[in-house]
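can you look at this prediction? I've put the sequence above it.
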Amino acid sequence: MSDIGYLDQGKEAQFGDYVALLKPRVMSLVVFTAFVGLVVAPVPVHPFVGFVAILFIALGGGASGALNMWYDADIDRIMRRTKGRPIPAGLVTEGEALGFGLALAGISCVMLALAANIFAGAFLAFTIFFYAVVYTMWLKRSTPQNIVIGGAAGAFPPMIGWAVATGGVSLESVAMFMLVFLWTPPHFWSLALFMKDDYSNAGVPMLTVTHGRKATRLQILVYTLILAPVAIGTAFTSIGGPVYLAVSLALNALFLKGAWGIYRRAEDTATDDRYAYEKRFFYFSLLYLFGHFLALLIEKGLTYFGLGGW
């Protein structure tokens with residue numbers, strides 16, 4: 001799509017506009033889960049190597065965001081939630097976003113391979129490809145399962161962090177992957193419940209658009225029921241322990257309660273804010289994921305002092 005007509009000639013792109021292309025809020029999740037994956041791994045990493053590795057993983061996540069914004073510029077202009085992004089706002093051209101994203105992708109993958117190991121660099125490259133091509137270009141506009149399958153891209157960072165330390169994959173890194181992977185559908189579908197018109201207007205086949213809100217509510221409950229034993233079961237791997245188990249039991253009880261409440265909600269419920277319940281569930285889902293990974297960090301700290309684990 002041509003950039004003509006969309007760039008605001010009265011404005012020049014600022015540093016903050018390019019930072020916005022990186023989706024910093026999403027990047028923060030990438031950084032945190034990758035950091036946890038690196039720290040809880042059984043192989044120690046030199047602090048400088050760890051810092052550099054997390055930096056390049058963050059840049060790789062940012063590259064994915066920039067490439068996503070480049071490709072989705074047409075629908076971002078339609079959706080209320082995204083029309084303020086740098087490209088639809090006329091602050092950055094699509095060509096600039098594409099070049100920026102590709103440059104960051106190349107730099108981050110090569111430098112991670114050099115700083116840590118080739119497997120970690122290749123894993124980061126695959127993750128960027130999966131998010132930018134498989135999810136953004138293919139799944140997002142073609143199937144209501146876009147979030148389910150595409151959610152793998154957001155679940156890879158803890159595995160990349162683990163790979164930085166170990167050079168490979170293990171049961172523990174897969175457990176962290178599954179935690180994020182199964183968490184993603186309830187998280188995003190709760191958002192879709194109160195943003196349905198955005199997706200419908202943009203022609204994105206989100207589950208709320210193709211199957212309706214009632215079916216979406218059921219799927220949120222189903223995925224939460226599947227997620228709970230996976231999340232709790234991680235307590236019994238080498239990275240878990242009693243602290244993680246206690247945190248996971250509490251968070252999953254609250255998450256299941258929220259999912260059941262969403263499932264039981266009637267569409268014609270008369271309230272001042274019709275979807276306040278869904279919004280609370282969405283924001284709690286962020287706390288849910290953060291709490292699990294923080295608990296893994298705590299377990300690692302306790303183990304370091306000979307107090308953690310089983």
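Noted; the coordinates are in hand.

let me see the contact set for I87.
For I87, the contact set (C-beta atoms under 8 Å, 6 or more residues apart in numbering) comprises 6, 69-70, 73, 76, 93-94, 97. C-beta here means a position set from N, CA and C on the backbone, and glycine is covered the same way.

please disregard the earlier target; I meant R85.
Counting by C-beta under 8 Å, 6+ apart, R85 touches 20-21, 69, 76.

next one: L112
Taking C-beta under 8 Å, 6+ apart as the criterion, L112 is in contact with 53, 56-57, 60, 120-121, 124, 164.

if we go to 7 Å?
Counting by C-beta atoms under 7 Å, 6 or more residues apart in numbering, L112 makes contact with 53, 56-57, 120-121, 124.

roughly how far is the worst-scoring helix or strand of the chain on mean pLDDT from the heart of the chain?
None of the helices or strands of the chain scores lower by mean pLDDT, DSSP states H and E than helix 196-202, at a mean of 81. Its chain's C-alpha centre and that of helix 196-202 lie 21 Å apart, by C-alpha atoms, centre = their mean, to the nearest Å.

list the buried residues in it.
Buried positions in helix 196-202, judged by neighbour count with 16 or more other C-beta atoms under 10 Å: 196, 198-200, 202.

mind putting the contacts of I87 in a markdown table, distance to M137 included?
As requested, the contacts of I87 are arranged in a markdown table below (distance: C-beta to C-beta, whole Å):
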| residue | distance to M137 |
| --- | --- |
| Y6 | 20 |
| M69 | 13 |
| W70 | 10 |
| A73 | 13 |
| D76 | 15 |
| T93 | 19 |
| E94 | 14 |
| A97 | 15 |
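
you'd agree S200 is up against V209?
Yes - counting by C-beta atoms under 7 Å, S200 touches V209, with 4.9 Å between them.

which elements pack onto the least confident helix or strand of the chain?
Where contact means 3 or more C-beta pairs under 7 Å, 6 or more residues apart in numbering; DSSP states H and E, helix 196-202 is packed against helix 207-210.

roughly how far is the helix it packs on from the heart of the chain?
Relative to its chain's centre, helix 207-210 lies at 20 Å (C-alpha atoms, centre = their mean).
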